[in-house]
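**Student:** Test case, fold it:
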Amino acid sequence: MKKNKTILLSLTILFTIFGITDCVRKKDTKTKLVLYMAWSNATDPNKSVIRNLVSRFEKEHPAYTVQVSEMNRQNWGKILSMIGSGEQIDLFELSPAYVYQFYKKGVIHDLTEFFLNNSDISLNDFYPRIRQLMEIDGKIMVFPKGCQTSGIFYNQDMFNHYGLPVPDDNFTWEMCFSAAKKITGIAAGKGEKIYGLGGNPLASYFIGSGYTMPVSCLFPVNQERKKMLVDDPEVMQKAQYIYDRAFLQDKVCPSPQDLQDTSVPDLFMSQKIAMDIKPAYQQAVYAREIAAKFNWDCAPVPRNAQGERICDFYSHCWIMSAYTKYPDAAWELMKTIGGYEGAKKFVSRGIDLPIYPRQDITDAYLKNYPMPPGKKIFLDAISYITVRPFYQAEIQGMRELNNEVSHAILKEKQVIPVLKLYQKRYQKCLDDFREEYFTSE
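**Tutor:** Below is the predicted model of the structure:
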């Protein structure tokens, strides 16, 4: 009898062990997906948005679990290293300036068939401007996360005070500088130091003229992105025009010396600047900081001499790794994060612009954050966009060169002779960058 009890107890323990092992095995049957998101700082609100969307995906797809990992936005090379070492990454966030580089290295999964065979979301659902970003060599390679364009923020009360029409759909660069000159001059006649325009508009003007611009540079590169055009005759003439308007003759912009103890946004918020060209996310900052102190609004960037409105464009993208073992599941996760509901979550913070022209998403953008009345910066207000080819943190020395050349121009009070002296140094900076990041070309 005692022997039978011992056998029974042993069997019970054995079955219990098998049961526990089976439970563990069942838990382990969930397939893990790995998503890498980028953050700008420790309190980046994107973190909570993405984690909430991931939780929703896991509830709707119980066979999968998602590991959300984080990386600093200045460390894109980490993704390449991890994929190259065989580490699992299924989806990751990427700056558009790096998309082509990653594409050439073969680490981006082609999404064309997913879009063509999907009934939940269509390429036609995106703004046409967004689709420009999604394609490389005729293939859909990225899923946009959100976007930023630039616009003119202006003090409406100041325009009314000086009897000037506010920027509208027909506003051109010439009209912009003319209005800035009038405001600066009238204020000076009254003993007031008010600037018609914010920081150096040179890069925005070159973009508006159709040039390709590195993010951290005041001057353009050629279309092949291999040669700096600092001493190009047309570029030098345009630079002369801008510096004359901004600093040398009309002096409509605050100089670097004027900004030593303050900033352009601070001057705008203290009503010392009438207009400022800034990325669209500045809307949220001004809405929070200015509140009801004065009336302000925003309009799309000015039109060029050909009537085109050209703006730079910034959108982080969701990328599916070419090495994922679970492309179908990764696609479902991508749709959850980047689809309609995900887009609504991102735009409701009042920072990212809508990438879908849907009323519910537009309403989420406009209603969930206090915005000024009037015109807004939307993608369909832009004639076409230019995606800046290089990410600002990676071109070492460009910012220092910008400061040095601007200081030299203001000191010498001449533009073209100074620019001719700096072509070789800018080119060396670009060549060093290309040697490090574009060695396969």
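
**Student:** Now tell me what touches the particular helix or strand that has L410 in it from outside.
**Tutor:** Per DSSP states H and E, L410 falls inside helix 398-412. With contacts defined as Cβ atoms under 8 Å, 6 or more residues apart in numbering, helix 398-412 is touched by 200, 214, 216-218, 243, 247-248, 255-256, 392, 415, 418-419, 421-422, 425-426, 429. Bear in mind the C-beta positions are built from the backbone N, C-alpha and C, glycine included.

**Student:** Drop anything exposed from these.
**Tutor:** Applying 16 or more other Cβ atoms under 10 Å to the contacts of helix 398-412, the neighbour count classes 200, 214, 216-218, 243, 247, 415, 418-419, 422, 425-426, 429 as buried.

**Student:** Please list all residues in contact with L53.
**Tutor:** 336-337, 341-342, 345.

**Student:** re earlier: who does whatever helix or strand comes next after the helix holding L410 touch, helix- and strand-wise?
**Tutor:** Using DSSP H and E, the helix or strand that follows helix 398-412 towards the C-terminus is helix 416-437. Identification of packing neighbours for helix 416-437 by 3 or more Cβ pairs under 8 Å, 6 or more residues apart in numbering; DSSP states H and E yields helix 233-243, helix 398-412.

**Student:** Quick one: mean pLDDT over the last one.
**Tutor:** In other words, helix 398-412. Averaging pLDDT along helix 398-412 yields 94.

**Student:** What angle do helix 233-243 and it make with each other?
**Tutor:** If you take axes from the mean of the first three to the mean of the last three Cα atoms, to 10 degrees, helix 398-412 sits at 70 degrees to helix 233-243.

**Student:** could you give the angle of helix 398-412 to helix 416-437?
**Tutor:** Using the same axes, to 10 degrees, helix 398-412 lies at 170 degrees relative to helix 416-437.

**Student:** Next, the buried residues of helix 398-412.
**Tutor:** Under 16+ other Cβ under 10 Å, the buried positions of helix 398-412 are 398, 401-402, 405-406, 408-410.

**Student:** hey, C-alpha coordinates of that helix in PDB?
**Tutor:** C-alpha atoms of helix 398-412 as PDB (Å, rounded to 0.1, in the frame of the first residue of the first chain):
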ATOM      1  CA  MET A 398      28.800  72.300 -41.500                       C
ATOM      2  CA  ARG A 399      27.300  74.400 -38.700                       C
ATOM      3  CA  GLU A 400      30.700  75.800 -37.800                       C
ATOM      4  CA  LEU A 401      31.300  76.700 -41.400                       C
ATOM      5  CA  ASN A 402      27.900  78.400 -41.600                       C
ATOM      6  CA  ASN A 403      28.700  80.500 -38.600                       C
ATOM      7  CA  GLU A 404      32.100  81.400 -39.900                       C
ATOM      8  CA  VAL A 405      31.000  82.400 -43.300                       C
ATOM      9  CA  SER A 406      28.100  84.500 -42.000                       C
ATOM     10  CA  HIS A 407      30.500  86.200 -39.600                       C
ATOM     11  CA  ALA A 408      32.900  86.900 -42.400                       C
ATOM     12  CA  ILE A 409      30.200  88.300 -44.700                       C
ATOM     13  CA  LEU A 410      28.800  90.600 -42.000                       C
ATOM     14  CA  LYS A 411      32.300  91.800 -41.100                       C
ATOM     15  CA  GLU A 412      33.500  92.400 -44.600                       C
END
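
**Student:** what's next to stretch 221-237, contact-wise?
**Tutor:** 206, 211-214, 217, 219-220, 389-390, 415-416, 419-420, 422-423, 426-427, 429-430, 434.

**Student:** and it, how far apart are its ends?
**Tutor:** Using Cα to Cα, to the nearest Å, one end of stretch 221-237 lies 16 Å from the other.

**Student:** How about I290: what's its closest non-neighbour residue?
**Tutor:** M269 (5.6 Å; Cβ to Cβ, 6 or more residues apart in numbering).

**Student:** Tell me which stretches of the stretch 151-300 of the chain form strands.
**Tutor:** Secondary structure of the stretch 151-300 of the chain (DSSP state E, counting those that start in this stretch): strands located at 195-197, 273-279, 296-300.

**Student:** Tell me which strands the shortest one pairs with, and in which orientation.
**Tutor:** Just to be clear, that refers to strand 195-197. When pairing is defined by DSSP bridges, strand 195-197 lines up against strand 273-279 (parallel).

**Student:** Tell me what angle the partner strand forms with strand 296-300.
**Tutor:** Using the same axes, to 10 degrees: strand 273-279 against strand 296-300 is 50 degrees.

**Student:** quick one, domains of this protein?
**Tutor:** Domain segmentation of the chain under automatic domain parsing yields 28-148+314-367, 150-312+379-437.

**Student:** my guess is S315 contacts L133, does it?
**Tutor:** Yes - the criterion here is Cβ atoms under 8 Å, and S315 meets it with L133 at 5.9 Å.

**Student:** what touches both of those two?
**Tutor:** In contact with both S315 and L133: 96, 144, 147, using Cβ under 8 Å, 6+ apart.

**Student:** Please report how far the last one lies from P214.
**Tutor:** Spelled out, that is C147. The spacing between C147 and P214, counted by Cβ to Cβ, to the nearest Å, is 19 Å.

**Student:** With H407 instead?
**Tutor:** 20 Å.

**Student:** now swap in V264 and tell me
**Tutor:** 21 Å.

**Student:** From the buried ones among the contacts of helix 398-412, pick the one nearest I108.
**Tutor:** P214 (22.1 Å; Cβ to Cβ).

**Student:** Check what pLDDT S40 gets.
**Tutor:** Value for S40, per-residue pLDDT: 63.

**Student:** And the one 4 residues further on, by the same measure?
**Tutor:** According to the predicted model, the pLDDT of D44 comes to 69.
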